[in-house]
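Student: here is my input, please return the structure:
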Amino acid sequence: MATTIASAPLVVKITESCTLNGVQQGGTYTKTISGINEISKRIVTATTTLTTVAAFDAEVAAGTYIIANVKYIRLTNLGSQVVTIQINSSAATEAASFLLAAGQSFVLFDVDDAFGAAAATSALLANADISSIQLDTDASTSDVEVFIASS
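Tutor: Got it, this is the predicted structure:
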């Protein structure tokens with residue numbers, strides 16, 4: 001059966017507002033991502049155990065998002081505990097971790113080749129995809145909204 005969902009653009013708008021000495025220093029930055037036809041939005045509870053909240057693969061597999069189709073990811077800490085976001089690469093030996101305090105958001109615009117070296121000859125890391133996103137907390141629990149837009 002063919003899909004009945006027409007794709008639409010996703011508009012992401014970041015607005016900063018700060019007036020220093022009577023002069024507005026903020027700005028508004030808008031990114032439009034065309035061709036979105038799948039949205040996954042859910043609230044998960046981060047605990048003291050590292051838990052996968054999104055997995056990515058090159059093809060359709062149970063419980064995964066297709067790497068090339070994911071265009072935007074936002075994680076927002078809705079709770080009061082600091083949450084650790086761990087982003088794992090498909091190279092299996094590389095990961096990056098970020099702390100997300102209460103009320104903060106973390107945004108990614110792509111997972112395809114998101115881990116990459118500045119130059120092809122760099123010994124640091126060859127281009128690699130994001131394979132998964134995991135969350136945990138140091139103590140207690142914290143709710144996190146996970147928003148993923150795909151084409």
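Student: sketch out the low-pLDDT regions of the chain for me.
Tutor: Applying pLDDT under 70 to the chain picks out residues 1-2, 92-93, 114-126.
Student: what ranges do the strands span in it?
Tutor: 8-16, 19-20, 23-24, 27-36, 38-46, 51-57, 65-66, 70-77, 83-89, 95-100, 105-108, 130-137, 142-150 (DSSP state E).
Student: could I get the ones you listed as TSV with mean neighbour count?
Tutor: C-beta: built from backbone N, CA, C; applies to glycine. Below are the strands of the chain laid out as TSV (neighbours: other CB atoms under 10 Å):
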stretch	mean neighbour count
strand 8-16	12
strand 19-20	8
strand 23-24	8
strand 27-36	12
strand 38-46	14
strand 51-57	17
strand 65-66	19
strand 70-77	21
strand 83-89	20
strand 95-100	14
strand 105-108	15
strand 130-137	21
strand 142-150	19
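Student: what does stretch 35-48 rub up against?
Tutor: By CB atoms under 8 Å, 6 or more residues apart in numbering, the surrounding residues in contact with stretch 35-48 are 3, 5-10, 51, 53, 65, 69, 71-72, 78-79, 81, 83, 135-151.
Student: fine by me, we can end here.
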